[in-house]
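> Following is a predicted model, sequence given first.
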Amino acid sequence: MKLRLIRFAIVAGLLVWSQNAAATARGVPEHPPQEGASQAGGTERNEPLNKQQLLELITGGVPNERVEELVRNRGIDFEVDGDYVRTLQKAGANNALITELRQASVTLGGLLIETSPNAQIYLDGTLKGEADAQGVMTLRAKLGPHNLKLSLAGTQDFEQTVTIAKGAPARVVAKLTDLTGSVRVQALAGAAVWLDDSSRGTIDSTGVLLLSDLAPGTHSLRVTAKGKVDDSHSITVTAGAETPVQVTLADSVRPNPQDTLPYVWIAAGQFQMGCSLGDSNCTAPENPPHSVTISKAFWIGQTEVTVGAYKHYADSAKASMPPVAPKQDRGWKKVAYPIVDITWDEARQYCAWAGGRLPTEAEWEYAARGGSTQARYGDLNTIAWFKDNAGSQTHAVGGKQPNAYGLFDMLGNVWEWVNDWYDPVYYASSPAQDPPGPAIGTERVLRGGSWIVDPKLLRASDRYSIKPDARSDYFGFRCVWEPKAP
């Protein structure tokens, strides 16, 4: 029943059009078509007729003469073959109508379209169907120019004027391109934005940076700012849409709630480890210089561990203070001074209690350089306590200028234990990424020089070693902190 109603609507719509056309030709004002008739027929008055429409006109009782008039005025969109002619004749088509159809068929040409699978294909504003799974569709249309439009969700529409002629079909190749998307990044003004490891600019004074023309899919976004922890995560760009991303950058200096000391966040990166270019004081264990990648960011003590922090540890962990105190602080009262006379294992235990560990030798040098390729990160008198200016004793931490990462006393004041065993030729075979140090050894490494040493030893690449149970009033340490959440 439903199918019969649809067919009736199609026939009714075409009949109304044909009646109006005839009336117009006689000079009679055209009556408006019945509401819904054009939509029911699925056609506009200039659209060529298809096979099904013609068959339904004849089987619906429309006179052959009226159908001929429709064919002359609107044309057809198919090639008339013998099988279809016999079908029409059985339905009631006369010879005059068949002749008209054959003549209309002569005015048709072919169009071959190669595009994205399932793309919708419009010709002169009328939907002709969808490309198949291989992206191909062929159709017939009147000779002459036509407007072709291809459309597929998530892609840019393709439009082109195509001229159909007799002979070989016109061919159009149009692989549809994905719609691009955009990302609106909200963050601290002045922060730098990186997308897929490519710099994309900085956040403006309004706190926004719009990244446009991005390929749909997953991308890596990184936002950085001085004094802040880098924010890195994946984002998904949607075709034809804007994706909002809000980034809150955390401070790059944080107090460790366990030992109360400040720690500085050090971003992952690459540096040249070992003898600095132009450094004439290098010794054999500092060679060869080699490129090292630190693949993971880490938090490191902004200062050396202080007497005050170590006393807090001793009270909390039921540990002992070192058996010997330095001459200038016999009662361990100078709480802002670096703790000294600590063995390697005692330093390791403190760092574990504080929620971390001793830094590797590579991490220590990477942090100490502060991004500098020079032997020192500044003028020695300005940045370090050493033999010429220390007055034969340690000094309160943070009394000199820090390096570019905000770390104090990376050179001078006290030598600092690191995690590695010592091997004077380790650099010749150490891994290029996150070198852990030798697997075995008899001595542990100390770095940075101290208040008692000659200036030539206060260099970022200098290496010192001693038995891990050694104590000295110029041995101290700082920790790498590994908080559960950044």
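That came in fine, so what should we check first?
> Which helix or strand in the chain has the lowest average pLDDT?
helix 37-41 (a mean of 35; mean pLDDT, DSSP states H and E).
> shaky segments in this structure?
By pLDDT under 70, the low-scoring segments of the chain are 1-46, 485-486.
> residue ranges of the helices in it, please?
Assigned by DSSP state H, the chain shows helices spanning 2-25, 37-41, 51-59, 64-74, 82-91, 95-106, 307-317, 344-353, 361-369, 380-383.
> For burial, what's the neighbour tally of the residue nearest to R463 when sequence neighbours are not counted?
Distances taken as CB to CB, 6 or more residues apart in numbering put P285 closest to R463, at 5.0 Å, once the chain neighbours are dropped. Any C-beta I mention is one placed from the backbone N, CA and C, and that applies to glycine too. Other residues within reach of P285, judged by other CB atoms under 10 Å, total 19.
> just checking, P285 touches D420?
No - counting by CB atoms under 8 Å, D420 is not a contact partner of P285; they are 12.0 Å apart.
> Tell me how the chain divides into domains.
Under the assignment automatic domain parsing, the domains of the chain span 2-106, 109-174, 181-246, 253-481.
> Burial-wise, tell me which of those domains comes out on top.
Across those, averaging neighbours per residue (mean count of other CB atoms under 10 Å) puts domain 253-481 on top, at a mean of 19.
> how far does that domain stretch from start to finish?
This stretch, domain 253-481, spans 12 Å end to end (CA to CA, to the nearest Å).
> quick check, distance from that domain to the centre of its chain.
Domain 253-481 has its C-alpha centroid displaced from the chain centroid by 36 Å (CA atoms, centre = their mean, to the nearest Å).
> Pipe the helices of the chain into a markdown table and attach distance to A390 per row.
Formatted as a markdown table, these follow (distance: least, CB to CB, whole Å):
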| stretch | distance to A390 |
| --- | --- |
| helix 2-25 | 99 |
| helix 37-41 | 94 |
| helix 51-59 | 100 |
| helix 64-74 | 101 |
| helix 82-91 | 105 |
| helix 95-106 | 104 |
| helix 307-317 | 17 |
| helix 344-353 | 22 |
| helix 361-369 | 19 |
| helix 380-383 | 11 |
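> Nearest to Q272 among those helices would be which one?
Nearest to Q272, of all the helices of the chain, is helix 361-369, at 8.7 Å by CB to CB.
> Not counting the closest one itself, show me its contacts.
264, 266, 269, 271, 273, 292, 294, 298, 300, 359, 377, 403, 405, 407, 410-411, 416, 418-420, 434-435, 437, 445, 447-448, 460-461, 463, 480 (CB atoms under 8 Å, 6 or more residues apart in numbering).
> Can you get me the start-to-end distance on stretch 167-179?
In stretch 167-179, first residue to last residue: 36 Å (CA to CA).
> Give me the distance from that stretch to the chain's centre.
Counting by CA atoms, centre = their mean, stretch 167-179 is centred 32 Å from the centre of its parent chain.
> OK, contacts around L111?
Shown in contact with L111 (CB under 8 Å, 6+ apart): 123, 138-141, 146, 148, 162, 164, 169-172.
> My error: substitute A432 in the last question.
Residues counted as contacts of A432 (CB under 8 Å, 6+ apart) are 290-293.
> From those residues, pick the one nearest G217.
Closest to G217, out of all of the contacts of A432 and judged by CB to CB, is T293, at 26.9 Å.
> circling back: the contacts of A432 into TSV, with extra columns for distance to W344?
Output for the contacts of A432, formatted as TSV (distance: CB to CB, whole Å):
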residue	distance to W344
H290	25
S291	28
V292	23
T293	26
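> tell me which of these is nearest to A428?
For those, the nearest to A428 is H290 (8.7 Å; CB to CB).
> thought the closest one was touching G274?
Yes - with contact defined as CB under 8 Å, H290 reaches G274; the gap is 5.8 Å.
> Spit out the residues that contact these two alike.
Y427.
> Not counting sequence-adjacent ones, nearest residue to L214?
Nearest residue to L214 in three dimensions, chain neighbours excluded: V237, at 4.7 Å (CB to CB, 6+ apart).
> so who does the one you found touch?
Shown in contact with V237 (CB under 8 Å, 6+ apart): 181-183, 214-219, 243.
> repeat for T394
326, 328, 337-338, 340, 385, 413-414, 451, 473-474.
> Could I get those residues in a markdown table, plus columns for distance to G278?
Listed next are the contacts of T394 as a markdown table, based on distance: CB to CB, whole Å:
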| residue | distance to G278 |
| --- | --- |
| P326 | 36 |
| Q328 | 37 |
| Y337 | 34 |
| P338 | 30 |
| V340 | 33 |
| W385 | 25 |
| N413 | 25 |
| V414 | 27 |
| W451 | 26 |
| D473 | 33 |
| Y474 | 28 |
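> tell me which of those residues is nearest to G109?
Distances from G109 to the contacts of T394, taken as CB to CB, are shortest for N413 (89.3 Å).
> so E443 makes contact with K467?
Yes - the pair E443 / K467 is scored as a contact, 5.8 Å apart, by CB under 8 Å.
> Contacts for stretch 218-236 next, please.
Applying CB under 8 Å, 6+ apart, the external contacts of stretch 218-236 come out as 183, 185, 187-188, 190-197, 203, 217, 237, 243, 245, 247-253, 265, 267, 297, 406, 486.
> one step back: and the residue nearest to L214, how far from A191?
20 Å (CB to CB, to the nearest Å).
> and what of E416?
Distance of E416 to A191, computed by CB to CB: 32 Å.
> Check S205 too.
12 Å.
> Then A96?
Per CB to CB, A96 is found 79 Å from A191.
> quick one: which of the contacts of helix 361-369 sit in strands?
Using DSSP state E to define strands, the subset of the contacts of helix 361-369 located there is 264, 266, 269, 271, 273, 292, 294, 298, 300, 416, 418-420, 445, 447, 480.
> Alpha carbons of stretch 136-145, in CSV - could you do that?
Extracted in CSV, the C-alpha atoms of stretch 136-145 (Å, rounded to 0.1, in the frame of the first residue of the first chain):
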residue,chain,number,x,y,z
VAL,A,136,33.8,4.7,-8.5
MET,A,137,30.5,5.8,-10.1
THR,A,138,29.3,6.1,-13.7
LEU,A,139,26.3,8.0,-14.8
ARG,A,140,24.6,9.4,-18.0
ALA,A,141,23.6,13.0,-18.5
LYS,A,142,22.7,15.5,-21.2
LEU,A,143,25.5,16.7,-23.4
GLY,A,144,27.0,19.9,-22.3
PRO,A,145,28.4,21.6,-19.1
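> How far off centre is that stretch?
Relative to its parent chain, stretch 136-145 has a centroid offset of 43 Å by CA atoms, centre = their mean.
> Name the residues that touch it?
When contacts are defined by CB under 8 Å, 6+ apart, stretch 136-145 is touched by residues 48, 75, 77-79, 107-115, 121, 123, 128-131, 161-166, 169.
> Stretch 339-346 now?
So stretch 339-346 is in contact with 304-307, 309-310, 319, 322-326, 350, 358, 394, 414, 417, 444, 468-477, going by CB under 8 Å, 6+ apart.
> quick revisit: return the member of the contacts of A432 nearest to R102.
Among those, T293 lies closest to R102 (CB to CB), at 77.2 Å.
> So that closest one sits against D434, correct?
Yes - in this structure, T293 is within contact of D434 by CB under 8 Å, at 7.1 Å.
> Next one: T161 relative to T442, how far apart?
On the measure of CB to CB, T161 and T442 end up 84 Å apart.
> and the end-to-end length of stretch 338-349?
The first and final residues of stretch 338-349 sit 17 Å from each other (CA to CA).
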